[in-house]
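Asks: Quick check, what structure comes out for this input:
(chains A and B)
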Protein chains: 2
Amino acid sequence: MATAIAPELESKGRAARAAAPSLARTPAEVKDHALLAIADALEAQADRIAEANERDLQAGREGGLSSAVMGRLVLDARRITNVANGVRAIAALPDPVGQDYDSYTRPDGLVITRRRVPLGVIGVIYESRPNVTVDIAALCFKAGDPCILRGGKEAVHTNAVLAAIIRDAIASAGGPPEAVQFIEDTDRALVLQMLGMSDYIDLIVPRGSASLVSFVGENATMPAITGGIGVCHTYVDATAETETAVAVTTNAKVARFSVCNALDTVLVHAQAAPHVLPLLAGTLGEAGVEMRCDRRSASLLASQPGANVVAATEDDFGQEFLDLICSVKVVDSMDEALEHIAHYGSGHSEAIITEDAGAAERFLDEVDAAAVFVNASTGFNDGFEFGLGAELAISTNKFHARGPMGLRELTSYKWVVRGKGHTRP
Amino acid sequence: MATAIAPELESKGRAARAAAPSLARTPAEVKDHALLAIADALEAQADRIAEANERDLQAGREGGLSSAVMGRLVLDARRITNVANGVRAIAALPDPVGQDYDSYTRPDGLVITRRRVPLGVIGVIYESRPNVTVDIAALCFKAGDPCILRGGKEAVHTNAVLAAIIRDAIASAGGPPEAVQFIEDTDRALVLQMLGMSDYIDLIVPRGSASLVSFVGENATMPAITGGIGVCHTYVDATAETETAVAVTTNAKVARFSVCNALDTVLVHAQAAPHVLPLLAGTLGEAGVEMRCDRRSASLLASQPGANVVAATEDDFGQEFLDLICSVKVVDSMDEALEHIAHYGSGHSEAIITEDAGAAERFLDEVDAAAVFVNASTGFNDGFEFGLGAELAISTNKFHARGPMGLRELTSYKWVVRGKGHTRP
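Replies: Numbering: from 1, shown residues only, chains lettered A, B, ... in the order given. Model prediction:
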């Protein structure tokens, strides 16, 4: 990578790298104290944040941002309280750094243990939501990893104020403020430059659109988490309980339709389709969901009152809608469902609804995805729901971490070996 | 990567990728049966292997290979038995694939478990030793990972016969022979092509010289394990027991001087130096080790009979010798030792010899290396010694795996979630 690196990136990269040993050795109490100080400062300085946020919102209105983007940009007092409580929840989690595990004493008395250590400097490139600045800074800080944050230009005033508050609060609690670096220069060229900074950044995490994720995957010179794209299926098996099938499938689509773990495609076994699809069309129709149906499912719903059905095209399968839309297909066998998922899925979240234990186990074994579900919504694929407390991202890689990345997934380990003069023969 | 890919690479890459689902689902019994069949076939076909090996040795003699390289190339009946026994040991290890761990039942009854799954297709680029072909094929096969092996041209006849024997034995045991692919084309251009095959290869592992490792690190488009370079220190603390210091330090240098975990530099606290260094010079001198000494250690050994002392230059610190050579430096404090290791070490294996428990814990905490040792030889940093049964490589990365990579480190995991109609509010 021969690209010149902007001075701000270079100096903040250097500062993050330099902060790594000191953050790695910061005791859990000091880290938690700093996190609580961050939470309190965010609430205490809600006006300052709102003022900066208003500048971003004003610029957004002038720039003609969509109402969806504008909605994500808002950081009002209620959201600040949520963000602050999220930081408090991270403070309450056990510190992963220094945890010993897999200890093993050899017959000759040599004691071998793995000990969790921080992963290193984490670079995060993200788009509009300013709460991400706080979530990620808090998670990385607790895991002992300095972070370099590069947010979207739409939220730059809000983000810069949040980063300043975070750094001040860390310093006030006796922690290393240089562990959180925020890049203020919004020049797009900096993204590529950041991807070349393998001397300063150990892991890069893109959070945002599919195009950002693939740009990072193609250009990063350091390990990258290139997840977040979820083309999620729910397969309703021949033996599915109708009520469960309708409730879980509807929930997977409707509860949070704009996130990566939301349902995109329903596959229904031909035996279940005649009783499941009409009821499903009712609940989905009521929630305003457009069903893009293959020929067989469309014909089952032809005279269904309230159903919002259009004919599916090939493009509707394998697509992440992030909207109140799903595609629907009738299949003749579980084999056909598994083949469809293998072909069209993105390895994120896949579910089966079934009363057949053998079918459930086969689905869990054979579907190659970060999370596979039996009789539950794909919407549960989330760090908080999985008991990790919070998450940096949802990985669809198999290397290092898969699925939600919480504190433990933000660490590495070292081997700690204690002898009494042990030598190898 | 716009480089054209050689037809052999393309077709074998495709075959390995296609074998992944079938190998992932091959039951443990079939895999172990296949491994035992490989071991038996290697011994039964020792003559065929010896014949191929003789062709490589003949070519090596004609090509003027060094005696060290020629020595590594030899695969005689005794070595074949060792290799076969290594495969039997891998067969005897528990199958990592399908192991469930970290199971957690939520208050609402949702059961969340992590399940180990294969990592994917592993590409390995290695140099002269033909036994590596068998070791790696067996380890990857057991972990459920198809492998694509690219050995050095010096051993190509031996490697090709070994790969053929392995594939036949797998097929005879009812396993998928396409899970082991060996590239016979020895054109150097194929290495770079292989590094561009991210569609077919999920992880690339170089085993060989520092220049191979760094070439792979710089050019791989998929995750790479870029370890194996060990600049290893042993720090003899002020409180070290003299006998332990001399025995462990000597052992770390002498037992296997040509491998990455061998000692390169001895750092001795000024208080320990006067009693430790003369005895150490005796044992190292007897083993034929050249000591490259800084001024202070040299002056302590000036009139030492039997010592093999030369003056160190700056280049002797931070160097991996892989030979009967070490550098020696007297330090005034543990701080100085830690700084020296942080500056010159490669993050591989570092040891302290001390009777002071506080110093030991500080060393374990502060030294940033794959394995840190108290009162034990760095030579223990090895998959077999650490209880992993075998190893693919020793990683000095922090991402995914650090230190010896055994079966578990060759797997990923998926989240398996079982509900009873669970939906998210």
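
Asks: Can you give me the neighbour number for the closest residue to residue A:254 other than its chain neighbours?
Replies: In space, residue A:254 comes closest to residue A:287 once its chain neighbours are excluded; the distance is 4.5 Å by C-beta to C-beta, 6 or more residues apart in numbering or on different chains. The C-beta positions use only the backbone N, C-alpha and C, and glycine is treated the same way. For residue A:287, the count of nearby residues is 15 (other C-beta atoms under 10 Å in any protein chain shown).

Asks: List the contacts of residue A:287.
Replies: By C-beta atoms under 8 Å, 6 or more residues apart in numbering or on different chains, the contact list for residue A:287 reads A:250, A:253-254, A:324.

Asks: most surrounded residue in the residues you listed?
Replies: Per-residue neighbour counts (other C-beta under 10 Å) across the contacts of residue A:287 peak at residue A:253, which has 30 neighbours.

Asks: And the nearest residue to residue A:409 once chain neighbours are set aside, how close does it get to residue B:108?
Replies: Nearest non-adjacent residue to residue A:409, counting by C-beta to C-beta, 6+ apart: residue A:401, 3.9 Å away. Residue A:401 is 25 Å from residue B:108, where distance means C-beta to C-beta, to the nearest Å.

Asks: Neighbour count: those two, which is higher?
Replies: residue A:401 (25 against 8).

Asks: would the more buried one count as being in a strand?
Replies: No - judged by DSSP: H, G, I helix; E, B strand; the rest coil, residue A:401 forms no part of a strand; its state is coil.

Asks: Could you verify my assumption that it touches residue A:223?
Replies: No - contact criterion C-beta atoms under 8 Å: residue A:401 and residue A:223 do not qualify, at 10.4 Å.

Asks: still on that earlier bit, contact partners for the residue nearest to residue A:409?
Replies: Counted by C-beta under 8 Å, 6+ apart, residue A:401 has contacts A:225, A:395, A:409.

Asks: Which of these sits closest to residue A:271?
Replies: Nearest to residue A:271, judged by C-beta to C-beta, of these is residue A:395 at 35.8 Å.

Asks: The nearest residue to residue A:263 once chain neighbours are set aside: what secondary structure?
Replies: Of all residues not flanking residue A:263 in the chain, residue A:252 sits nearest, at 3.7 Å (C-beta to C-beta, 6+ apart). Using three-state DSSP, the structure places residue A:252 in helix.

Asks: Residue A:252: neighbour count?
Replies: For residue A:252, using other C-beta under 10 Å, the count is 29.

Asks: Reduced to three states, what does residue A:101 come out as?
Replies: Under three-state DSSP, residue A:101 falls in the strand class.

Asks: Would you double-check that residue A:323 falls in a strand?
Replies: No - assessed with three-state DSSP, residue A:323 is coil; it does not lie in a strand.

Asks: For the nearest residue to it once chain neighbours are set aside, give me its contacts.
Replies: Leaving aside its chain neighbours, residue A:323 sits nearest to residue A:257 (6.2 Å; criterion: C-beta to C-beta, 6+ apart). Contact analysis of residue A:257 by C-beta under 8 Å, 6+ apart lists A:289, A:321-324.

Asks: Residue A:257 belongs to a helix?
Replies: No - Residue A:257 sits outside any helix when classified using three-state DSSP, being coil.

Asks: where does the spatially closest residue to residue A:349 that is not a sequence neighbour fall, phi/psi-wise?
Replies: Among residues not flanking residue A:349 along the chain, residue A:378 sits closest, at 3.8 Å (C-beta to C-beta, 6+ apart). For residue A:378, the backbone dihedrals (degrees, to the nearest 10) come out as phi -60, psi -20.

Asks: Tell me how many other residues surround residue A:378.
Replies: The burial count for residue A:378: 30, using other C-beta under 10 Å.

Asks: In this structure it contacts residue A:251, no?
Replies: No - shown here, residue A:378 and residue A:251 do not form a contact pair, counting by C-beta under 8 Å, at 9.4 Å.

Asks: closest to chain B among the contacts of residue A:287?
Replies: Nearest to chain B among the contacts of residue A:287: residue A:250, at 8.1 Å, using C-beta to the nearest C-beta.

Asks: ok, now how distant is that closest one from residue A:282?
Replies: Residue A:250 sits 9 Å away from residue A:282, going by C-beta to C-beta.

Asks: Closest one of the contacts of residue A:257 to chain B?
Replies: residue A:289 (15.2 Å).

Asks: Surely residue A:364 forms part of a strand?
Replies: No - secondary structure of residue A:364 (three-state DSSP): helix, not part of a strand.

Asks: For residue A:329, list each beta-bridge partner.
Replies: Residue A:329 has these beta-bridge partners by DSSP bridges: residue A:267.

Asks: Would you agree it is in contact with residue A:265?
Replies: Yes - Residue A:329 lies in contact with residue A:265 (C-beta under 8 Å); the separation is 6.8 Å.

Asks: Now list whatever residues contact both of those two.
Replies: A:317, A:340.
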